[in-house]
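Q: need a 3D model of the sequence below.
(chains A and B)
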Protein chains: 2
Amino acid sequence: METAASSAAELRTPKAEVLAIGSELTSGQCLDTNSPWLSRKLAEIGISVRWHTTVGDDLNDNLQAFRIASERADLVVSTGGLGPTLDDLTRDVLAKVANVPLELHEPSLSAIERMFAQRGRVMPEANRVQAYCPRGGIMLPNEHGTAPGIWLETPKTVFVALPGPPREMQPMWEHEVVPRLRQRFGPTGVTIHRRINTFGWGESQVEEKVRDLTRRGHVPEVGITAHEAVVSLRITARGSNTEEAWKQIEPIEKVIRERLGTIVFGVDEEDLHDVVARMLHDRRMTIATAESLTGGLVAQMLSRVPGVSDNLRGGVVAYTNEVKRDWLGVPQELLDRYGAVSSQVAEAMAVGCRTRFGTDLAVSTTGLAGPGGGTPEKPVGLVYAAVAWEGGVRSSSFLWGTERTQIQGRAARMALNLARLYLASQLP
Amino acid sequence: METAASSAAELRTPKAEVLAIGSELTSGQCLDTNSPWLSRKLAEIGISVRWHTTVGDDLNDNLQAFRIASERADLVVSTGGLGPTLDDLTRDVLAKVANVPLELHEPSLSAIERMFAQRGRVMPEANRVQAYCPRGGIMLPNEHGTAPGIWLETPKTVFVALPGPPREMQPMWEHEVVPRLRQRFGPTGVTIHRRINTFGWGESQVEEKVRDLTRRGHVPEVGITAHEAVVSLRITARGSNTEEAWKQIEPIEKVIRERLGTIVFGVDEEDLHDVVARMLHDRRMTIATAESLTGGLVAQMLSRVPGVSDNLRGGVVAYTNEVKRDWLGVPQELLDRYGAVSSQVAEAMAVGCRTRFGTDLAVSTTGLAGPGGGTPEKPVGLVYAAVAWEGGVRSSSFLWGTERTQIQGRAARMALNLARLYLASQLP
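A: Alright, predicted model coming up:
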């Protein structure tokens, strides 16, 4: 372990700067999430980012920013400024900084024309500029948009210009940039992050169980974060290669899992809907949803998962008592006696939903998302969720949060977590 | 108007740079929300931010960043680096850049000792460094933490160093910094942003209609951005006061609305679901949803709006043909003849949904979100949406995108947009 850490420190690490371009960023109208994403991705391949710079859509500011970056960094990665409009300056700026002309790149022009043709449209003349490349540069194909990226090397610096929209930038990074960086900078060591995701406890409750691991100076480093009611532990390990870094992570992950037990539901980017969809798939089981306060969020989260149509049959958004009664078969008597926000109604919704859709499982939510409608007995933030299966039903509740979408998000995850706990006991 | 514009242009507008300090930012482990917040706050008092720079906890990187900023900006606002640990360098860096010594500021030391005493603790020796101020600087009291801020002027530049935690930084900004900035830079006017949001056309198609307004140097400035299939025009106006800035915005907004017609659906932060929920509320009308590929997203977007429970009765997520038939009354014959992804089925879903929920309106979606399931006739990205009302139904389609959640998001907005177009013709 100690050996891995010290040999990692001796590795040659190129210095990198990330540039974000756009007046919507310098004015504070949009949040720059690309730069932190790129920092994390660069760290994974052993390249450490020392500077982030953001400039607006101004030619001189761009020229200056690229020049400063190229003087201090070995690698400059920019996002934005590659669109078809007059605001988009990155192509021009790269050519000026490298002191080369822009040239039309025919294959890129064809690719852009093809992309429009596939949508049954003719390419607007404005998009032609997106096919221009600084001489000596390499155009990086864009799978999800019209703006190609640009790889350009000068004697001192490697420039990588990427489009701003994350759904275009991120695949381009993985497919076009990472292989070229590995080749260009050689083995630089690796940093691996492993996230262990939990649901059910608060952040400080989780932290109490792992305080010895999160202290400063612990190798590997363990951090704790909370997002959308999911509390995650992040293990960060550096090594000269992947295997060496993993050897640091495995024993710590094992300790964390032992201490936290069933609240651990997944790793890395996995959210609860990913895990539930995978478990349904593996067990060839079907699910339906009955949602009141979450308004379709549980079904919508599941439907983000490719291939889930084999397992998710459908769902009902039951905002009113009439819909709960007529569409889900919740007895009027339960609604009258306990109110719509009750464990009894949550359970009846799940049971009725399962019967009517003919699925193996059904989950339900009911509660008060606010801001109006709370009472001293049933305040805003009170939520019930349930899961029903053949011959059984189980519900759970919480009272937490003040903000509408935050309460909805936590309620949806509570329903999914009930499904997960049920499925975990039904091993295939 | 020209008077307003030219008098605005004559205002002396200081150039500002925002520096964020911390290795947790350059490594991408934390998102910097301070810099966009400060940009918006500075714009409110007429100071425009041209640069954001982020550096880690490294002395030379900090010295260089502060020097570059002080050369190009009149005002440099930094966050972070004021804590009690060895990592915290901002005090030293400011003193070095201004070429003055650090001096102990007794009132700050007393304040820090008092803050610990209030928590029943003795001040650790490490916190003593937080009471040091570069000679000639002003210590800015911190109501919510131990780190005072620092105001320091050199002949060329005003430096404002603030603590990193937003709950400490933001009150210090409002109470200590804004009054001093107003005094130092005099009346600097105000900057107002107005966003006009459209749905239905691509970014370049919109730009072709307003190219004369988006050209560089146009007053007020008009920019164009696209996010989640919503294309927005952002008008930025400066004036000596709010009224003067609005006088620039109004005629341009009018021109934009005239040229773009019904694709304009809202302003500023409004998304389509906000607009549809408001229109339903104003007209006291009800809606239900029938969703295939969007999996509940339309209902879920509407359910984010507080108070929508008066208008959204419920919905069905109809992932399978059986659910479309049994729950929404789509004739089996239509499913057999045209397939689930067709305008006929989209319309039948909306009509059936409206009848069964007994609402004024219903919207539906059906399509292929992928990644699997596409054919040459019906490729991934092909989507139909419909809106049904008493005595009528209308559908619309698109073929766009490759990424699952992107296709789902655009499909949901297409359904909401159909509802909006119908409601717009039903003036109360």
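Q: going forward, measure contacts between C-alpha atoms and count neighbours the same way
A: Noted.
Q: so where's chain A shaky on pLDDT?
A: A:1-12, A:187, A:427-428 (pLDDT under 70).
Q: chain center to the helix ranked longest in it: distance?
A: The helix that spans the most residues within chain A, counting by DSSP state H, is helix A:404-424. With Cα atoms, centre = their mean, to the nearest Å as the basis, helix A:404-424 stands 18 Å off its chain's centre.
Q: next one: that helix, is it in contact with chain B?
A: Yes. Using Cα under 8 Å from any Cα of the partner chain, helix A:404-424 reaches chain B at A:404-405.
Q: which elements pack onto that helix?
A: helix A:272-283, helix A:297-303, strand A:361-367, strand A:382-389, strand A:392-399 (3 or more Cα pairs under 8 Å, 6 or more residues apart in numbering or on different chains; DSSP states H and E).
Q: look up phi and psi at the most centrally placed residue in chain A.
A: In chain A, the centroid-proximal residue (Cα atoms, centre = their mean) is A:Glu269; its distance is 6.3 Å. Main-chain dihedrals, A:Glu269, degrees, to the nearest 10: phi -80, psi 0.
Q: ok, it - contacts?
A: By Cα atoms under 8 Å, 6 or more residues apart in numbering or on different chains, the residues touching A:Glu269 are A:Arg195.
Q: helix/strand/coil for the residue of chain A positioned farthest from its centre?
A: Using Cα atoms, centre = their mean, the residue of chain A lying farthest from its centre is A:Glu333. It sits 42.9 Å away. Of the three states, A:Glu333 takes helix under DSSP: H, G, I helix; E, B strand; the rest coil.
Q: what's near enough to touch it?
A: Neighbours of A:Glu333 in contact, by Cα under 8 Å, 6+ apart: none.
Q: quick one: A:Gly223 is in a strand?
A: Yes. Counting by three-state DSSP, one finds A:Gly223 located in a strand.
Q: for the closest residue to it other than its chain neighbours, list each beta-bridge partner.
A: Spatially, and ignoring its direct neighbours in sequence, A:Gly223 is nearest to A:Arg234 (5.0 Å; Cα to Cα, 6 or more residues apart in numbering or on different chains). With DSSP bridges as the criterion, A:Arg234 is bridged to A:Arg195, A:Gly223.
Q: what number of residues are in the vicinity of A:Arg234?
A: Burial of A:Arg234 is recorded as 21 neighbouring residues (other Cα atoms under 10 Å in any protein chain shown).
Q: next: A:Trp201.
A: Residues near A:Trp201, counting by other Cα under 10 Å: 14.
Q: how much space between it and A:Arg410?
A: The spacing between A:Trp201 and A:Arg410, counted by Cα to Cα, to the nearest Å, is 12 Å.
Q: again, but for A:Val190
A: A:Val190 is 35 Å from A:Arg410, by Cα to Cα.
Q: equivalent analysis for A:Gly352, please.
A: A:Gly352 is 23 Å from A:Arg410, by Cα to Cα.
Q: so which residues on the stretch 101-250 of chain A come close to chain B?
A: Counting by Cα under 8 Å from any Cα, the stretch 101-250 of chain A sits next to chain B at A:119, A:124, A:126-127, A:144.
Q: can you rerun that using 10 Å?
A: Proximity of the stretch 101-250 of chain A to chain B is confined to A:115-116, A:118-120, A:123-127, A:143-145, A:165, A:167-168, A:223 under the rule Cα under 10 Å from any Cα of the partner chain.
Q: just the buried ones from those, in PyMOL syntax?
A: Listed next is the PyMOL selection for buried residues among these, using 16 or more other Cα atoms under 10 Å in any protein chain shown:
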select buried, chain A and resi 115+116+123+127+143+144+145+165+168+223
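Q: the residues of the stretch 101-250 of chain A next to chain B in strands, which ones?
A: The strands, defined by DSSP state E, take in A:Gly223 from these.
Q: the residues of the stretch 101-250 of chain A next to chain B in helices, which ones?
A: A:115-116, A:118, A:167-168.
Q: name the pair among the residues you listed with the greatest separation in space.
A: A:Gln118 and A:Arg167 (18.8 Å; Cα to Cα).
Q: and stretch A:321-340, end to end?
A: Taking Cα to Cα, stretch A:321-340 runs 7 Å from one end to the other.
Q: A:Lys209: neighbour count?
A: Number of residues near A:Lys209 (other Cα under 10 Å) recorded here: 12.
Q: and it, how far from A:Arg259?
A: 7 Å.
Q: gap between the residue lying closest to A:Ile235 once chain neighbours are set aside and A:Glu244?
A: Sequence neighbours aside, A:Val222 is the residue nearest to A:Ile235 in space, at 4.5 Å (criterion: Cα to Cα, 6+ apart). Separation of A:Val222 from A:Glu244 (Cα to Cα): 17 Å.
Q: so which of the two has more stuff around it?
A: Shown here are A:Val222 and A:Glu244; by other Cα under 10 Å, A:Val222 has more neighbours (25 against 20).
Q: just checking, the more buried one touches A:Thr236?
A: Yes. Assessed by Cα atoms under 10 Å, A:Val222 is found in contact with A:Thr236 at 6.5 Å.
Q: give me the common contacts of these two.
A: Common contacts of A:Val222 and A:Thr236 (Cα atoms under 10 Å, 6 or more residues apart in numbering or on different chains): A:193-195, A:249.
Q: ok, the residues you listed vs A:Met285, which is closest?
A: Among those, and counting by Cα to Cα, the member closest to A:Met285 is A:Arg195, at 27.8 Å.
Q: burial count for that closest one?
A: Neighbour tally, A:Arg195, other Cα under 10 Å: 22.
Q: roughly how far apart are A:Ala237 and B:Asp87?
A: For A:Ala237, the distance to B:Asp87 equals 21 Å [Cα to Cα].
Q: next up, the contacts around A:Trp151.
A: A:77, A:94, A:133-134, A:136-140, A:158-162, A:176-177, A:180.
Q: that one in helix, strand or coil?
A: Note that with three-state DSSP, the state of A:Trp151 is strand.
Q: how close does it get to A:Pro141?
A: A:Trp151 is 11 Å from A:Pro141, by Cα to Cα.
Q: anything in contact with each of those two?
A: Shared contacts of A:Trp151 and A:Pro141, counting by Cα under 10 Å, 6+ apart, come down to A:Glu176.
Q: does A:Thr54 belong to a helix or a strand, and which?
A: strand A:48-55 (DSSP states H and E).
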